[in-house]
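Participant: no sequence for this one, just the structure:
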């Protein structure tokens, strides 16, 4: 598999707070790389850095997308190059219909949008086009519905790299199956997927995993091994201070076969 | 010429349809007028630049198609004053679509003074769209007094979404009897040095009366906007909501003063007022779909003004 994204020694501080440091891994086309870690470990900040949010541009390291350093590119420039992000909490867009929102991702690439495409992606996420296409993305839609529309908007764009930020948060059991469908569809199209999650359940979709702890990579490799390790060592970890945790992290590093 | 300008501003071609009532006024010239059964339209020219328009809907009549009114000034300079009186009879229903067009204006003044009387259980829907061209040379003063009898329904929306606004002063005042309903909306974009003032006011005088005042303005460059909405509830079960939203960018300035008065313990009014720039989360969401910041802002502002 060809590497579509290479993260090399990436580091970010927000004010005086170290958010993540020395983060390196790769993402291949048609594969899912999961970044897992407890809340506050820097996962979403890493996603924002890769997507190019202004406040999250990294101070150290490089983001190579198809061998090009994209550190300086803005969000929309990265999106037009084929990178996009499914947001953890998609915002309400009052007065913007589902139809318009889905179409935007193609129109920005100067591609035509057909009714069939719109209907097809909504069906993939378990939503009726007849009921939803002309509804506005406002507070009449639940968070779970907005989340599914977000996934549909990713499908229609056919990106080369997508970041799924906590795709399972705020969705019901039925929608969880839709996430699997979306991931499989994206893989079929050879899309590289970076999945941000704090749930080891989601690692079943991953081809490789990176375990992040206090902004540092603790382990990376086989998702099954990472999952076991995460359940045993991280999920109930009560050490929340960065320095106190340093020694523990040093002892834990390694031990999982590195596959990427 | 006027109909051509109307179509260029986005209006529908309805003036040859015998089932659609219409009025076309260019300054004080009556260019067209057509009535339908149950609807009476009287137009009188007064002093220079001033026209009186009286619209009566007979009791019990439901006007099937929206009535189209096209008002405007085509030359660069001019005055148009319209004294409008609307009487909607008991149980009658009418929808009016008014387009006010000043495409070439450099020094145009448009004044509308309206008196609207809704008899018991009648329904009046009024959609007013403005197009002022790109020069910013229009001054609009729109004033209306609405009297709603028991069980009646009044809905109005004032929109200016394309081109310059110029100077707009908008002042609608409604008085509602028991179980009548008021919905007043304004959606305006301002740019360059436009000045926009909106005052929507309602008094929910009767028991069970309902009212919504909802104004949204988007401002950029050095435009300024002010929303002064006021809702008063004086009777048991009277309920209402006031919403003032302004989005600004560049050097634009905005002010919002929602006033709510409750004069009965069983009445209730809520309000919201928000002024600020376009929300970052919304911008970033759209930018992650490939829109640049300007395109994303436009989608958000258009959505807000549509809602």
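Facilitator: Noted; the coordinates are in hand. Computed from a predicted model, the values in this text were never measured in an experiment. Numbers count the residues shown, from 1 in each chain, chains lettered A, B, ... in the order given.
Participant: just the endpoints, please. Distance across stretch A:106-120?
Facilitator: For stretch A:106-120, the first-to-last residue distance is 14 Å (CA to CA, to the nearest Å).
Participant: next, the buried residues of that stretch.
Facilitator: Residues A:106, A:107, A:108, A:113, A:117, A:118, A:119 are the ones in stretch A:106-120 that count as buried (16 or more other CB atoms under 10 Å in any protein chain shown). From N, CA and C alone the C-beta is placed, and that goes for glycine too.
Participant: do the same with stretch A:85-96
Facilitator: A:85, A:86, A:87, A:88, A:90, A:91, A:92, A:93, A:94, A:95, A:96.
Participant: what's near enough to touch the residue nearest to the last one when sequence neighbours are not counted?
Facilitator: The shortest distance from residue A:96 to any residue that is not its chain neighbour, by CB to CB, 6 or more residues apart in numbering or on different chains, is 4.2 Å, and that residue is residue B:303. The neighbours of residue B:303, taking CB atoms under 8 Å, 6 or more residues apart in numbering or on different chains as the test, are A:93, A:94, A:95, A:96, A:136.
Participant: quick one: whichever strand or helix holds residue B:157 to chain centroid distance?
Facilitator: Under the criterion of DSSP states H and E, residue B:157 resides in strand B:153-160. Centroid separation between strand B:153-160 and its chain, computed with CA atoms, centre = their mean, to the nearest Å, is 5 Å.
Participant: helix or strand right after that strand?
Facilitator: With elements assigned by DSSP H and E, the helix or strand that comes after strand B:153-160 is strand B:167-176.
Participant: helices and strands around the helix or strand of chain B at the bottom of the mean pLDDT ranking, which ones?
Facilitator: None of the helices or strands of chain B scores lower by mean pLDDT, DSSP states H and E than helix B:2-8, at a mean of 71. Judged by 3 or more CB pairs under 8 Å, 6 or more residues apart in numbering or on different chains; DSSP states H and E, helix B:2-8 is in contact with strand B:22-26, strand B:29-34, strand B:67-72, strand B:93-101.
Participant: restricted to helices, list the buried residues of stretch A:85-96.
Facilitator: Taking DSSP state H, every one of the buried residues of stretch A:85-96 sits outside helices.
Participant: adding pLDDT, write those out as CSV.
Facilitator: Converted to CSV, the buried residues of stretch A:85-96 look like this (pLDDT from 0 to 100):
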residue, pLDDT
A:85, 98
A:86, 96
A:87, 96
A:88, 94
A:90, 95
A:91, 95
A:92, 95
A:93, 96
A:94, 93
A:95, 94
A:96, 96
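Participant: what sits opposite whatever residue of the stretch 51-200 of chain B ends up closest to chain A in the beta ladder?
Facilitator: Closest residue of the stretch 51-200 of chain B to chain A, CB to the nearest CB: residue B:187 (9.8 Å). Going by DSSP bridges, residue B:187 is paired in beta bridges with residue B:159, residue B:216.
Participant: report pLDDT for it.
Facilitator: Per-residue confidence (pLDDT) for residue B:187: 96.
Participant: host element of the closest residue to residue A:177 other than its chain neighbours?
Facilitator: Distance criterion CB to CB, 6+ apart; nearest residue to residue A:177, sequence neighbours excluded, is residue A:126 at 7.8 Å. Per DSSP H and E, residue A:126 falls between elements, in no helix or strand.
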